[in-house]
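Colleague: whatever this is, show me its structure:
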Amino acid sequence: MRFLLAAISVILAVLLAPTQVQSLDFQFPNFVNSETSQLNLSDNSSIALGAIQVTPDVNGASMVNRSGRVTYRWPFRLWNNKKKKASFNTTFVLNIKNMTASSGEGLAFILTADPAVPDGSEGQWLGIVNPRLNGSIEAKTVAVEFDTRKSFPEDLDDNHIGLDVNSVYSTRSVSLNDRGIYISAAKDIKVVVQYDGKNLTVFVGEDMKNPVLSEPLDLSAYLPEMVYVGFSGSTSDNTQLNCVKSWEFIGAEIKDSKLLWVWILTAVGSVLILLIGIGIAFFLYRKRGYEEDGLEDAYPNIEEAILGCSTAPKKFKFNELSKSTGKFNPKNKLGKGGFGTVYKGILGNKEVAVKRVSKKSTQGKQEFIAEVTTIGNLHHRNLVKLIGWCHERREYLLVYEYLPNGSLDKYIFRDQNSGTQEATLSWGKRLIVISGVAQALDYLHNGCMKRVLHRDIKASNIMLDLDFNAKLGDFGLARTIIQNDQTHHSTKELAGTPGYMAPESILTGRATVETDVYAFGVLILEVACGRKPGGQTERDGYICNIVHGLWELYRTGKILEGADPRLDGIFKTKEMECVLILGLACCHPNPNSRPSMKTVLQVLTGEAPPPEVPAERPVFMWPPTPLSFKEWDNSLVGGQLSPFSELSGR
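Modeller: Next comes the predicted model:
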């Protein structure tokens with residue numbers, strides 16, 4: 001009871017404290033130099049000819065590639081600690097004039113945490129953000145842009161307004177062409193921006209009944225309590241005069257209710273609801289904790305498992321990684337896989353890829369330990385580098401090097417839903433990709449102190465750097481073979497991706513170097529053919545599975561017809577034929593008849609011819625027939641396949 005009375009007293013004290021939001025009212029019918037004391041002017045901004053010149057107003061080189069920002073000197077309280085939100089109404093007149101044949105680049109009304117113009121925000125960035133801040137919560141800027149140049153593919157045209165939230169990629173944009181308003185026509189344009197705490201509305205021109213843009217928006221979700229209001233603009237090689245001829249701003253106060261009894265009832269009700277909520281939350285938390293603790297006990301302790309590894313990478317704090325990705329903002333999402341989602345982040349001045357393991361994954365913890373302890377010990381130019389990890393708040397996070405060209409699948413498969421595809425890779429680059437992955441696998445199978453089985457080789461797990469060199473990533477399913485005579489890893493559940501899995505792994509649940517080779521063979525075929533692996537069915541007389549389909553073309557002497565038609569025949573016939581036959585050899589149903597990665601590299605470098613492949617695809621049989629390609633290669637101890645055992649991989 002004493003706790004209840006104390007809680008009521010505290011809440012009443014907070015509720016009855018002054019909660020007035022600071023107002024901000026000012027009016028500039030025009031601008032004179034004496035008013036500079038009321039404004040924050042950047043180096044490239046000035047007051048001239050009765051107007052704010054957001055960017056330089058003189059001809060010549062000094063106008064090129066400039067950005068400027070002008071804000072009212074005193075900040076405006078946008079919301080308070082009780083999340084009460086202010087409203088405002090601002091009216092200004094713009095006059096923008098082209099100084100070159102094409103417009104460049106635009107002007108914006110901004111609300112921002114920092115009155116200083118960001119370095120490097122000229123050109124397409126409109127003085128709002130720079131490349132580093134774009135799309136980041138660090139930008140802390142919301143803008144209504146008046147864009148006069150189509151600088152990005154996402155831009156509608158060179159005459160539109162847009163709503164920008166921490167980015168120059170507008171969340172909503174509207175062309176002004178239909179309204180007969182042309183931003184850079186050197187004419188006065190009246191603009192009214194209204195915000196009621198929930199919606200932002202923009203009127204352009206003399207029509208005050210039909211807004212050009214009206215969007216639901218909670219500014220407090222993106223901006224700090226105190227913000228500066230003003231304008232930003234920029235030029236590129238194309239220049240324009242970015243003028244603001246007049247400006248009025250009215251920020252409305254939020255006043256307290258004087259009905260004390262309403263506050264008392266509200267306070268008592270809030271306390272009761274709070275106590276009930278705390279009780280329910282505590283119960284659910286304890287219940288969930290017990291369930292998750294049971295799951296935690298099913299595996300070794302993460303800290304011990306990782307820190308016990310002498311080559312463990314750097315450990316990061318959760319808050320550090322959350323901040324680097326904008327609190328895992330969906331706009332920073334790079335991709336999503338079976339075990340989690342990958343986000344782009346910035347740590348210091350370095351771009352990284354942060355993988356957040358899904359909490360819904362039943363194998364998340366086991367895969368997390370495997371990925372850190374396995375890849376953390378590997379160093380090869382064709383493997384994605386693991387920078388660090390984090391296990392905190394029941395979250396599993398991995399930090400990788402950021403590869404700007406993303407995954408291979410975007411460049412060899414066409415998106416049937418959108419009809420779009422990245423620029424098609426040339427045959428020369430595809431050969432480099434295949435060779436790079438082969439070198440990575442040869443290193444995993446033969447170059448490590450402990451042989452590593454990747455178990456999930458596919459196009460979406462191949463990352464490309466700026467020069468389109470391939471790097472094998474996603475080691476969530478990887479396992480090491482610790483003992484010298486151990487040939488495989490056994491698993492209780494099927495591991496891998498359908499279409500890439502060797503037939504014996506589906507039957508036995510065992511992973512071997514040969515099952516990795518099979519998946520690599522499928523990868524070779526999809527890179528050369530530009531087709532996904534497909535299933536096992538036949539549709540409309542066409543065999544959907546890429547291995548079956550290519551083998552049928554090989555049987556009829558038409559294997560080159562399987563080459564990706566998007567290559568337009570621009571490849572060396574002998575090279576293409578060699579690669580396709582090598583892919584079929586790797587996908588031989590008999591694991592003992594598949595080449596090792598050493599042999600694969602010899603074929604790719606021209607040191608050896610492609611293995612002989614039977615015209616008819618052999619039928620899968622288990623146990624497999626005796627060795628074939630292994631007569632050339634001693635990849636297993638003694639040149640023979642050791643008896644299968646039940647040793648668990650790490």
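Colleague: near the residue lying closest to Val527 once chain neighbours are set aside, how many other residues are there?
Modeller: Ranked by C-beta to C-beta, 6 or more residues apart in numbering and with sequence neighbours excluded, the top spatial neighbour of Val527 is Arg430, at 5.1 Å. C-beta coordinates here come from the backbone N, C-alpha and C atoms, glycine included. By other C-beta atoms under 10 Å, 25 other residues sit near Arg430.
Colleague: from memory Arg430 sits against Gly530, does it?
Modeller: No: using C-beta atoms under 8 Å as the test, Arg430 is too far from Gly530 to be in contact (9.2 Å).
Colleague: how about the strands in the stretch 301-450 of the chain?
Modeller: 314-315, 333-337, 340-347, 350-357, 386-392, 395-401 (DSSP state E, counting those that start in this stretch).
Colleague: which of those strands has the lowest average pLDDT?
Modeller: Of all the strands of the stretch 301-450 of the chain, strand 333-337 carries the lowest average pLDDT, namely a mean of 82.
Colleague: break the chain into its domains for me.
Modeller: When the chain is parsed with automatic domain parsing, its domains come out as 2-14+267-294, 20-252, 302-401, 409-639.
Colleague: tell me, which of these is the model least confident about?
Modeller: domain 2-14+267-294 (a mean of 59).
Colleague: picking that back up, Met449 is nearest to which of the strands of the stretch 301-450 of the chain?
Modeller: Taking C-beta to C-beta, strand 386-392 is the member of the strands of the stretch 301-450 of the chain nearest to Met449, at 17.1 Å.
Colleague: what angle separates that closest one from strand 350-357?
Modeller: 50 degrees (axes from the mean of the first three to the mean of the last three C-alpha atoms, to 10 degrees).
Colleague: starting at the chain centroid, how far to strand 386-392?
Modeller: With C-alpha atoms, centre = their mean, to the nearest Å as the basis, strand 386-392 stands 18 Å off its chain's centre.
Colleague: run through the neighbouring helices and strands of it.
Modeller: Packing partners of strand 386-392 (3 or more C-beta pairs under 8 Å, 6 or more residues apart in numbering; DSSP states H and E): helix 302-307, strand 314-315, helix 318-324, helix 364-375, strand 395-401.
Colleague: remind me what the shortest one packs against, helices and strands.
Modeller: With contacts defined as 3+ C-beta pairs under 8 Å, 6+ apart, the secondary structure elements packing on strand 314-315 are strand 386-392.
Colleague: please name the strands paired to the strand it packs on in the sheet, noting orientation.
Modeller: strand 314-315 (parallel), strand 395-401 (antiparallel) (DSSP bridges).
Colleague: can you put these in JSON lines and add mean neighbour count and distance to Ala370?
Modeller: Conversion of the strands paired with strand 386-392 to JSON lines gives the following (neighbours: other C-beta atoms under 10 Å; distance: least, C-beta to C-beta, whole Å):
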{"stretch": "strand 314-315", "mean neighbour count": "13", "distance to Ala370": "17"}
{"stretch": "strand 395-401", "mean neighbour count": "22", "distance to Ala370": "11"}
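Colleague: now do the strands in the stretch 501-650 of the chain.
Modeller: 510-512, 538-539, 542-543.
Colleague: before we move on, the earlier item: and the residue nearest to Val527, what does it touch?
Modeller: Taking C-beta atoms under 8 Å, 6 or more residues apart in numbering as the criterion, Arg430 is in contact with 412, 527-528.
Colleague: go on, Arg66?
Modeller: 44, 55-56, 122, 234-235.
Colleague: again, but for Phe571
Modeller: 427, 563.
Colleague: how about the backbone phi and psi for it?
Modeller: phi -160, psi 160 (degrees, to the nearest 10).
Colleague: need the residues touching each of Arg430 and Gly530.
Modeller: Contacts common to Arg430 and Gly530, judged by C-beta under 8 Å, 6+ apart, are Ile412.
Colleague: gap between Leu444 and Lys245?
Modeller: 67 Å (C-beta to C-beta, to the nearest Å).
Colleague: who's more crowded, those two?
Modeller: Leu444 (28 against 19).
Colleague: pretty sure the more buried one sits against Arg455.
Modeller: No: using C-beta under 8 Å, Leu444 is not in contact with Arg455; the gap is 10.5 Å.
Colleague: joint contacts of these two?
Modeller: Common neighbours of Leu444 and Arg455 (C-beta under 8 Å, 6+ apart) are Asp516.
Colleague: will you turn the helices and strands packed on strand 386-392 into TSV that also has distance to Val117?
Modeller: Converted to TSV, those look like this (distance: least, C-beta to C-beta, whole Å):
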stretch	distance to Val117
helix 302-307	44
strand 314-315	35
helix 318-324	23
helix 364-375	42
strand 395-401	32
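Colleague: nearest to Ala139, out of those?
Modeller: Nearest of the helices and strands packed on strand 386-392 (C-beta to C-beta): helix 318-324, 13.2 Å.
Colleague: from the chain's centre, how far out does that closest one sit?
Modeller: 15 Å.
Colleague: using CSV, list the CA coordinates for stretch 587-596.
Modeller: What follows is stretch 587-596, C-alpha atoms only, in CSV (Å, rounded to 0.1, in the frame of the first residue of the first chain):
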residue,chain,number,x,y,z
CYS,A,587,27.2,-33.4,-59.9
HIS,A,588,27.7,-37.1,-60.6
PRO,A,589,25.2,-39.2,-58.6
ASN,A,590,28.1,-41.4,-57.3
PRO,A,591,30.1,-39.3,-54.8
ASN,A,592,33.2,-41.4,-55.5
SER,A,593,33.0,-40.3,-59.1
ARG,A,594,33.2,-36.6,-58.4
PRO,A,595,36.5,-34.7,-58.8
SER,A,596,38.2,-33.2,-55.8
